[in-house]
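Visitor: coordinates only, sequence not included:
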């Protein structure tokens, strides 16, 4: 019997919100590696907000996934057959092999993971793309003002959960989170060391009311805002920013399903009057400093200064569900899909 | 007969557009300097867009002018009586003495001007606040990408006219202006060295149509935008920005008379996708580097690399008219009011 590979293909480019019908699950024979190739059996699939952008036809910073192609995604897997001199059976590799259980690769984007250093799932989490996003986004893009106040949206998430802790390490006097639901807010304060966390769900998308709560939580104003969500939540920040405040725009998950951007009062007067610096960034802009970021983050983890949390769905069949959880703010920590038992755990 | 001092007081804090009734012209006796003071007879009054903000009650980066107080403004004048050890009769001083013909001062914000170096009116122009705004705004806040394309709004104005030239000196391959009217656009191209200049008046505030014209004028996209006007004109820039493009928000004269900001599609998606950096600034943030800026600008002027143009109204009675010209885009170059014959000219 031929071994089969379950794959999620992009079935359509959704206009507005996506759903389970946006994807199509297919089974194809597990491919055999050719010369210079190796076969990976994936263990972990990373599920991340940027995936929504890849479903659009429109221009973005990266090429969209074609309809009918395997959905894109970061993976951690085990080499189970190899015709490649640098990758041997049993190696654990981190690569962007997509929403599928098996893949053949030449390994150009592959990185070998040492399972003795950390759980290998961290290669797509705190020691991977989300971790580096938080690291460089906090230190380099936003920057942390010594003694200042930092606000983080999606404060318990894969990126935001780290940003709050890094901001504290880098000298922020006050770190305030915004998250969806009481459990996440308690986690932010009790486990991640936020001084306060505001549950945005109580505000009915009323930017002014959220702003009032933020003003109370940030009595000295806001010096840095790390934006993961965009939309009405981020609109509340600008009127509270201190002179020379800095905003790092990392993501805008609340807007990714919109077909047209909402119309809001221009931020530009606040940017001018308070001399704000608003910067968008994408973590791959820091690719040439990746090892520096990994060392920094690994050091903090070893010192017990950084905590993180994973939210795991089991089985490739649950990949769309896992992505939908992100967009409904139902995930709690870094969202992963476990595609098989982790042999390194 | 007592010599009289004509002064413009702020008569009311206007809601929306201001007009001549916003100010009140009064005559008061010329004051006598007390101990440690000197009396200045003003020669030049600088008229600038920021003045609109000083007429508002609301919070801004500077204290508003009180109703009934002399309107604020930068001046160049001659010391005509002095009880101050550092300022002698005949000295020419640059200070913020406001919309009036005479003023007594302790000289704390005064700077002596050497009339042999440049026309003294430049102390409130190319070698003063507008010049330093262009200098630091272009070099430090926006930054000029070598070989890139820079767009400047209010391109023939006191600041914009300099920005285009500085961007060229600093390595921009293409410099495109936006200005109001054919005469200004011709001046930008023929005198200031812009590669192209778009007359925004033909577009009926249609951002998309202006964007089309900008796209044609900037075939390689936009790497830097120096924003003096805000509003619908600036809205056209963001969709055309190249990755890592930079926007310096210096002013938004088109919005200063609004009582509520207009609602527009959020820029933030473009900021994220193209990793833009948008920074507001105020020239006084560079106060501690003023001499560096003056030396740089004076050097370029001496080398014939910087041109500038002044638009002069005669007589203190025309100060409100001069300010209204700015807001109607009817000035052509740095707007000044000459309060008396310039004894240094």
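Guide: Arrived safely. On a predicted model such as this, the values are computed, not experimentally measured, just so you know.

Visitor: hmm, residue A:112 is touching residue A:87, no?
Guide: Yes. With contact defined as C-beta atoms under 8 Å, residue A:112 counts as touching residue A:87 (7.4 Å). From N, CA and C alone the C-beta is placed, and that goes for glycine too.

Visitor: what is in contact with the two at once?
Guide: residue A:93 (C-beta atoms under 8 Å, 6 or more residues apart in numbering or on different chains).

Visitor: so which of the two has more stuff around it?
Guide: residue A:87 (21 against 14; other C-beta atoms under 10 Å in any protein chain shown).

Visitor: quick check: chain neighbours aside, which residue is closest to that one?
Guide: The shortest distance from residue A:87 to any non-neighbouring residue, by C-beta to C-beta, 6 or more residues apart in numbering or on different chains, is to residue A:38 (4.7 Å).

Visitor: the one you found and chain B: what is the separation?
Guide: 34 Å (C-beta to the nearest C-beta, to the nearest Å).

Visitor: bridge partners for that residue, pull those for me.
Guide: Taking DSSP bridges as the rule, residue A:38 bridges to residue A:82, residue A:105.

Visitor: hmm, it is touching residue A:79, no?
Guide: Yes. Using C-beta under 8 Å, residue A:38 is in contact with residue A:79, at 5.2 Å.

Visitor: all helices for chain A, in order.
Guide: A:51-54, A:129-136, A:160-169, A:182-190, A:207-217, A:231-235, A:268-273, A:290-302, A:319-327 (DSSP state H).

Visitor: does the third one come close to chain B?
Guide: By that I understand helix A:160-169. No. Contact of helix A:160-169 with chain B is not found when judged by C-beta under 8 Å from any C-beta of the partner chain; the minimum separation is 15.5 Å.

Visitor: mean confidence for that helix?
Guide: The pLDDT scores in helix A:160-169 average 98.

Visitor: next one: the closest residue to chain B within the stretch 101-250 of chain A from residue B:266, what distance?
Guide: At 4.6 Å from chain B, residue A:249 is the closest residue in the stretch 101-250 of chain A, using C-beta to the nearest C-beta. Applying C-beta to C-beta, to the nearest Å, the value for residue A:249 to residue B:266 is 10 Å.

Visitor: joint contacts of those two?
Guide: Listed as contacting both residue A:249 and residue B:266 by C-beta under 8 Å, 6+ apart are residue A:230.

Visitor: pick out whichever of the two has more residues nearby.
Guide: Taking other C-beta under 10 Å, residue A:249 and residue B:266 do not tie; residue A:249 has more neighbours (28 against 23).

Visitor: near chain B, which residues of chain A?
Guide: A:60-61, A:227, A:230, A:234, A:243, A:249-252, A:255, A:260-282, A:285.

Visitor: one step back: ok, which of the helices of chain A comes nearest residue B:31?
Guide: With C-beta to C-beta as the criterion, residue B:31 lies closest to helix A:268-273 of these, at 34.3 Å.

Visitor: what is that closest one packed up against?
Guide: strand B:241-249, strand B:277-280 (3 or more C-beta pairs under 8 Å, 6 or more residues apart in numbering or on different chains; DSSP states H and E).

Visitor: could you check how far it is from the centre of its chain?
Guide: Averaged C-alpha coordinates place helix A:268-273 at 29 Å from its chain's average position (C-alpha atoms, centre = their mean, to the nearest Å).

Visitor: distance of residue A:118 from residue A:73?
Guide: Residue A:118 is 20 Å from residue A:73, by C-beta to C-beta.

Visitor: likewise for residue A:29?
Guide: Applying C-beta to C-beta to residue A:29 and residue A:73 gives a distance of 21 Å.

Visitor: counting neighbours, go ahead and name the busier of the two.
Guide: residue A:73 (25 against 10).

Visitor: distance to residue B:191 and mean neighbour count for the helices of chain A - can I get that in TSV?
Guide: Shown next, in TSV, are the helices of chain A (distance: least, C-beta to C-beta, whole Å; neighbours: other C-beta atoms under 10 Å in any protein chain shown):
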stretch	distance to residue B:191	mean neighbour count
helix A:51-54	45	20
helix A:129-136	44	26
helix A:160-169	50	26
helix A:182-190	58	18
helix A:207-217	46	17
helix A:231-235	43	22
helix A:268-273	29	22
helix A:290-302	49	16
helix A:319-327	54	21
